[in-house]
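Peer 1: sharing a model that was predicted from the sequence below.
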Amino acid sequence: MADASYDILFIGAGPGGYTGAIRAAQLGFKTAVVEKSPGLGGTCTNVGCIPSKALLHSSELFYEAGHGFAKHGIKIAAPELDLPTMMAHKQSVVASSNKGIEFLFKKNKIDWLKGTGKLLGGGKVEVTGPDGAKSTATAKHIVIATGSDVMPLRGIEIDEKSIVSSTGALVLGAVPKSMVVIGGGVIGLELGSVWSRLGAEVTVVEFLDRILPTNDGEVSKQMQRILERQGIKFRLGMKVTAAKKAKSGVSLSMEPAKGGAAETLDVDVVLVSIGRRPYADGLGLDAAGVQLDDKGRIKTDGHFATTAAGIYAIGDVIAGPMLAHKAEEEGAVLAELLAGQKPHINPDAIPAVVYTWPEVASVGKTEEELKAANIPYKIGKFPFSANARARAMMATDGFVKILEDQRTKRVIGCHIIGPNAGDLLAEVTAAIEYGASAEDIARVCHSHPTLTEAVKEAALAVDGRTINM
Ligand code: FAD
Ligand code: NAI
């Protein structure tokens, strides 16, 4: 597809780039996407959301078969792990998602320019194909959607075998006897859960004095207790200073973050999950006049315009939470802005879910943020132990907590630990988006017996009138 010319060209076919491209094509733009990976869908589809959720679901079933069935009166022999089949299932989900996006590109007449894109300035992008051949494409609007990459930890070399990033942790060939996860954030808890359920002794080493540091504090505390009951160990306030590959496994050195005696731990596998960094390597930003902000992200003006005329950026490579649905919204909204529409994204209504068991789901402000900003708020809380459906499921850990701004009577935050918390959160996210009060949620008729009733009860609790507690 050499020297072609487009209305909009996206560099990167992750959730941001591919969603933006589809929306742009729907709006009548001649659209292309430059993608260097052989599979469309970016980090999320290839080495992120999709494969991790496949392994989380499969490992959850394995764990349930071994630990949960008997309590429901189902007697089976101890389940046997068939890791290659579990991995093959995961890979087939990735492949079908890749194919699905390719189909959508064809359906919407979007050109996939296979190769690595580089900004040349003047509306031009150079594409270096897998065989090294170079071509140029021109576009009125160029969108950088190059995503993010693993954040390295100084002094620790990731070999994706015994010292792995999330990418290596998704393809381990055997269950390690022991695993240390560096970083008690989202990846650490999700992938730590996978390998713990499959039989590894997992220890999470976290620099701060709490896990999930951006979540509501009460959620972090309770989630740690729940995961400890599942067998995961936590070493909080510890910093890893070195990881050396030994004959078999890794020798890990760590010490208290506030100072103190160092210690060494010998483990089979170390997972480094201390965050991700925006990725725009080799993109030719300088030549094109695209500037970065103080955190190394592409600087944008709030409407995705970079410092270079005609060049925009979306997704993980710009400010905001590194989440697939945030990138998707930005892609679609940018296409609509370029078409002259007036779409909007509400940064206070972007949900976030940790797909552990039980799940952790949150939207809007935490109690800590409200206190720091001196915003008066009311809390409505309801535990799943008081929800009949959760009791039937034997999934009574956790609660729904709704926070309402006392000045405006609007719901301003919601934090859930519980079964299907990610799905339950959608209702509250919609409520925040529409400026609803807790009473508005409470007045909606919820089916019985469902987990959603816990959301209704938490909303009722804001005004001190729960029915079932
Ligand atoms: P990316 O998905 O990173 O896509 C960028 C694309 O650009 C890539 O395909 C890359 O190959 C391509 N590219 C880069 N440079 C060039 C170039 N010069 N030329 C051509 N192509 C280029 N988020 C969630 O919301 N839910 C989850 O459950 C979830 N789970 C995750 C699990 C893991 C293990 C990880 C690592 C991440 C997870 N995320 C999750 C985060 C999510 O993957 C990202 O937020 C999302 O992928 C960002 O989308 P993006 O379009 O900005 O970039
Ligand atoms: P994270 O930012 O969620 O967590 C990193 C953790 O590592 C933090 O708790 C931090 O305090 C800790 N840490 C930092 N440096 C450390 C050090 N030297 N030693 C010990 N601990 C240290 O990052 P994570 O888990 O790597 O995930 C990256 C991104 O991917 C996140 O921003 C997340 O949004 C996205 N993601 C989203 C998922 C989802 O939506 N379910 C799943 C997986 C990833």
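Peer 2: Nice, I can see it. Ligands and ions are numbered 1, 2, ... in the order given.

Peer 1: Gly117 and Glu126 touch, don't they?
Peer 2: Yes. Between Gly117 and Glu126 a contact is recorded at 7.1 Å, counting by CB atoms under 8 Å. The C-beta positions use only the backbone N, C-alpha and C, and glycine is treated the same way.

Peer 1: so what touches the host helix or strand of Lys456?
Peer 2: Using DSSP states H and E, the element containing Lys456 is helix 452-462. Applying CB atoms under 8 Å, 6 or more residues apart in numbering, the contact partners of helix 452-462 are 378-384, 386-387, 389-390, 399-402, 404, 411, 414, 416, 418, 424, 427-428, 438-439, 441-442, 444, 446-447, 466-469.

Peer 1: just the pLDDT at the residue in the stretch 51-200 of the chain that ligand 2 sits nearest to, thanks.
Peer 2: Evaluated by CB to the nearest ligand atom, the stretch 51-200 of the chain has Gly185 as its residue closest to ligand 2, separated by 1.8 Å. Gly185 is assigned a predicted lDDT (pLDDT) of 98.

Peer 1: would you mind listing what in the stretch 1-150 of the chain touches ligand 1?
Peer 2: Neighbours of ligand 1 within the stretch 1-150 of the chain, by CB under 6 Å from any ligand atom: 11-17, 34-37, 42-44, 48-49, 52-53, 116-117, 145-148.

Peer 1: which of the residues you listed are buried?
Peer 2: 11-17, 34-37, 42-44, 48-49, 52, 116-117, 145-148 (16 or more other CB atoms under 10 Å).

Peer 1: the protein - how does it break down into domains?
Peer 2: Domain segmentation of the chain under automatic domain parsing yields 4-150+277-345, 163-274, 349-462.

Peer 1: including distance to Ile156, could those domains go into JSON lines?
Peer 2: Shown next, in JSON lines, are the domains of the chain (distance: least, CB to CB, whole Å):
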{"stretch": "domain 4-150+277-345", "distance to Ile156": "11"}
{"stretch": "domain 163-274", "distance to Ile156": "5"}
{"stretch": "domain 349-462", "distance to Ile156": "24"}
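
Peer 1: show the pLDDT at the closest residue to ligand 1 within the stretch 301-450 of the chain.
Peer 2: Going by CB to the nearest ligand atom, ligand 1 is nearest to Gly315 of the stretch 301-450 of the chain, at 2.2 Å. Note on Gly315: pLDDT of 98.

Peer 1: what about it, how many neighbours?
Peer 2: Neighbour count of Gly315, defined by other CB atoms under 10 Å: 36.

Peer 1: identify the residues contacting it.
Peer 2: Going by CB under 8 Å, 6+ apart, Gly315 touches 12, 14-17, 145, 147, 326-327, 330-331.

Peer 1: for it, give its distance to Glu206.
Peer 2: Distance, Gly315 to Glu206, by CB to CB, to the nearest Å: 27 Å.

Peer 1: again, but for Ala32
Peer 2: Using CB to CB, Ala32 is found at 43 Å from Glu206.

Peer 1: these two: which has the busier surroundings?
Peer 2: Using other CB under 10 Å as the criterion, Ala32 and Glu206 rank with Ala32 on top: 27 against 24.

Peer 1: the more buried one contacts Lys114, correct?
Peer 2: No. Between Ala32 and Lys114 there is no contact under CB under 8 Å: 10.9 Å.

Peer 1: just the CA atoms of stretch 282-291, as PDB, please.
Peer 2: C-alpha atoms of stretch 282-291 as PDB (Å, rounded to 0.1, in the frame of the first residue of the first chain):
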ATOM      1  CA  GLY A 282      11.600   5.300  17.300                       C
ATOM      2  CA  LEU A 283       8.500   7.200  16.300                       C
ATOM      3  CA  GLY A 284      10.400  10.300  15.200                       C
ATOM      4  CA  LEU A 285       8.600  12.600  17.600                       C
ATOM      5  CA  ASP A 286      11.400  15.300  17.600                       C
ATOM      6  CA  ALA A 287      11.500  15.700  13.900                       C
ATOM      7  CA  ALA A 288       7.700  16.000  13.800                       C
ATOM      8  CA  GLY A 289       7.600  18.500  16.700                       C
ATOM      9  CA  VAL A 290       5.700  16.300  19.100                       C
ATOM     10  CA  GLN A 291       6.600  17.000  22.700                       C
END
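
Peer 1: so where's the stretch 201-350 of the chain shaky on pLDDT?
Peer 2: Nowhere does the stretch 201-350 of the chain drop to pLDDT under 70.

Peer 1: how about a cut-off of 90?
Peer 2: 246-248 (pLDDT under 90).

Peer 1: so which residues on it come close to ligand 2?
Peer 2: 205-208, 213, 239-240, 273-276, 321-323.

Peer 1: from the chain's centre, how far out does stretch 244-259 sit?
Peer 2: Its chain's C-alpha centre and that of stretch 244-259 lie 28 Å apart, by CA atoms, centre = their mean, to the nearest Å.

Peer 1: residues contacting the nearest residue to Pro351 once chain neighbours are set aside?
Peer 2: With sequence-adjacent residues excluded and distances taken as CB to CB, 6 or more residues apart in numbering, Pro351 is closest to Val363, at 4.5 Å. Going by CB under 8 Å, 6+ apart, Val363 touches 348-352, 413-414, 425, 428-429, 432.

Peer 1: filter these down to the buried ones.
Peer 2: Buried subset of these (neighbour count, 16+ other CB under 10 Å): 349-352, 413-414, 425, 428-429, 432.

Peer 1: what's the longest helix in this structure?
Peer 2: Taking DSSP state H as the criterion, the chain has its longest helix at helix 83-107.

Peer 1: next, name the residue at the spatial heart of this protein.
Peer 2: Leu323 (4.7 Å; CA atoms, centre = their mean).

Peer 1: does stretch 353-370 reach ligand 2?
Peer 2: Yes. Stretch 353-370 lies within reach of ligand 2 by CB under 6 Å from any ligand atom, at 353-355.

Peer 1: in PDB, list the C-alpha atoms belonging to the helix or strand containing Ser253.
Peer 2: In the assignment (DSSP H and E), Ser253 maps to strand 250-256. Extracted in PDB, the C-alpha atoms of strand 250-256 (Å, rounded to 0.1, in the frame of the first residue of the first chain):
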ATOM      1  CA  VAL A 250      16.500 -16.700  40.900                       C
ATOM      2  CA  SER A 251      18.100 -15.200  44.000                       C
ATOM      3  CA  LEU A 252      16.200 -12.100  45.000                       C
ATOM      4  CA  SER A 253      17.600  -9.500  47.400                       C
ATOM      5  CA  MET A 254      15.300  -7.100  49.200                       C
ATOM      6  CA  GLU A 255      15.200  -4.700  52.100                       C
ATOM      7  CA  PRO A 256      12.700  -2.600  54.000                       C
END
